[in-house]
Each structure stands twice: as C-alpha cells, then as structure tokens.
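**Q** Could you look at this predicted model? Sequence included:
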Amino acid sequence: MLKQEENQTLLDICTPIIQSGDLKGLKKHAPALKRHESWVGNGGLSPLHLAARHNQVEICQFLLEEGITPDITEPF
C-alpha cells in the first residue's frame with residue numbers, strides 16, 4: 001500500500017494505480033474507496049470514471065462489484 005503524504009487525497013494515491021491497471025494494488029485501497037464511493041476529484045472524476053477514461057475494464061468491473069456508484073455527488 002502506498003504511504004499517504006500530507007495533503008494527498010485518496011484519489012491522488014489511487015490515480016497512478018488505476019492508470020497503470022494495477023488491480024491488485026487497488027484492492028488494497030478498496031475499503032477506503034468504498035467509504036468515499038461517491039466522491040470526485042477536482043477534475044470531476046471519481047475512481048470509477050478515471051478507470052473508464054484509461055480503459056481499465058477489469059478495474060471498472062471490480063469497482064462496480066464493490067458497490068462503487070457511477071453517480072457523482074460530492075467533491076473528493
């Protein structure tokens with residue numbers, strides 16, 4: 001699991017993991033992502049949207065199976 005630096009958001013930590021398609025690495029953060037399932041980053045992207053943008057189908061499937069909602073409701 002990546003170490004969280006000061007002022008670093010969960011999305012900051014997960015972005016390189018999602019972009020690279022590291023499903024195993026993302027699974028380590030699943031509990032935290034579940035708690036923040038409807039949150040989005042400054043660019044309006046949630047972890048699910050980020051995975052879709054980078055064509056990470058397995059990660060999208062995993063996030064949806066974990067109950068992550070595709071609806072955006074709160075800033076990340």
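**A** Sure, I can see it.
**Q** Provide the secondary structure category for the residue lying closest to R53 once chain neighbours are set aside.
**A** Among residues not flanking R53 along the chain, L45 sits closest, at 6.9 Å (Cβ to Cβ, 6 or more residues apart in numbering). Using the backbone N, CA and C atoms, a C-beta is placed for each residue, glycine as well. Following DSSP: H, G, I helix; E, B strand; the rest coil, the label given to L45 is coil.
**Q** Count the residues that sit near L11.
**A** For L11, the neighbour count with other Cβ atoms under 10 Å is 20.
**Q** Am I right that it sits in a helix?
**A** Yes - L11: assigned to a helix according to three-state DSSP.
**Q** mind listing what the most centrally placed residue in the chain touches?
**A** The residue lying closest to the centre of the chain (Cα atoms, centre = their mean) is P47, at 2.8 Å. P47 is in contact with L11, C14, I18, L33, L63, I68, counting by Cβ atoms under 8 Å, 6 or more residues apart in numbering.
**Q** In helices, which of these fall?
**A** L11, C14, I18, L33, L63 (DSSP state H).
**Q** show me what contacts the second one?
**A** Just to be clear, that refers to C14. Per Cβ under 8 Å, 6+ apart, neighbours of C14: L26, H29, L33, P47, L50.
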